[in-house]
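[1] got a predicted structure plus its sequence, pasted below:
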Amino acid sequence: MYQDVFDDKKQTLMRNYFQNELATLGIIKTHKKNDWIDLHCGNSSFAIVLKGKVVKSMISSQGREKLLYTLRPGEIFGEMNMLGGGSLSYVCRVKENAQISYVSKVIFDRVVEKNPLVYEYLINSITRKFRIVLLQSTNNAFNDSRGRIAEALIRLAACSNNGDVEQDANIISTVFTQSELAYNVGCSRVTVTRVLKIFLQEKLISIRNKKIIINDMDTLASYTDRVQ
């Protein structure tokens, strides 16, 4: 359903370049699960996830969290502040033990002089993130709680790892707690629990090894009012 929104071929090329080439020029650090990443780099560098997964969120002044997206190996964060100047406060938490390469803007500028295609990869990263956040916003505007959760599950499956051996089964390859799903869709955890129970009873989804599998994509989508 999201084939026209997310270009997996471009995303794969971007991931491979960042992970296997550009990351080797940065400073590599390891982070443990549930660590909060200190974004000390400001506008002078950006980060490439080499191993594990990192979730990026916004936190309100009252401590409420809005989960934006999950970053997988080969994906990056900090590039918008580095290229656009200024800053927008966000937090990054390690979801699975991670290894991250921090690449300085000085090195990045040198690489771009030799390979302008790197800019295209950065634009692809920024565009993909913008579309994810835009879809979250329209989902909240167009749907009730059941529709929000259905739409979020469909989107998360579409954004899952291409290399997951069970991808054909519409599996969400990242394990999300019910609280994290609530942060993602803007509903309470109680509401997420109730709706997931309904979807399980209707056999629209199933859960294996804590991962959600979509069994009936069309029926699940019928709960949603989505962008054409």
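    Done, it's in.
[2] biggest helix in this protein, by residue count?
    helix 117-142 (DSSP state H).
[3] which is the next helix or strand following the helix or strand of the chain with the lowest mean pLDDT?
    Across the helices and strands of the chain, the lowest-confidence element by mean pLDDT, DSSP states H and E is helix 79-84, at a mean of 84. Proceeding N to C from helix 79-84, the next assigned helix or strand is strand 91-104, under DSSP states H and E.
[4] who are the packing partners of that next one?
    Packing partners of strand 91-104 (3 or more Cβ pairs under 8 Å, 6 or more residues apart in numbering; DSSP states H and E): strand 27-31, strand 45-59. From N, CA and C alone the C-beta is placed, and that goes for glycine too.
[5] parallel or antiparallel, list what pairs with the last one.
    Within its sheet, and counting by DSSP bridges, strand 45-59 is paired with strand 65-71 (antiparallel), strand 76-77 (antiparallel), strand 91-104 (antiparallel).
[6] looking at those, which is closest to residue 125?
    strand 76-77 (5.6 Å; Cβ to Cβ).
[7] residues making contact with that closest one?
    With contact meaning Cβ atoms under 8 Å, 6 or more residues apart in numbering, strand 76-77 is reached by 18, 46, 47, 48, 49, 54, 56, 71, 92, 122, 125.
[8] one more time with 6 Å
    46, 47, 48, 56, 71, 125 (Cβ atoms under 6 Å, 6 or more residues apart in numbering).
[9] excluding sequence neighbours, find me the nearest residue to the fifth one.
    Leaving aside its chain neighbours, residue 71 sits nearest to residue 54 (4.4 Å; criterion: Cβ to Cβ, 6 or more residues apart in numbering).
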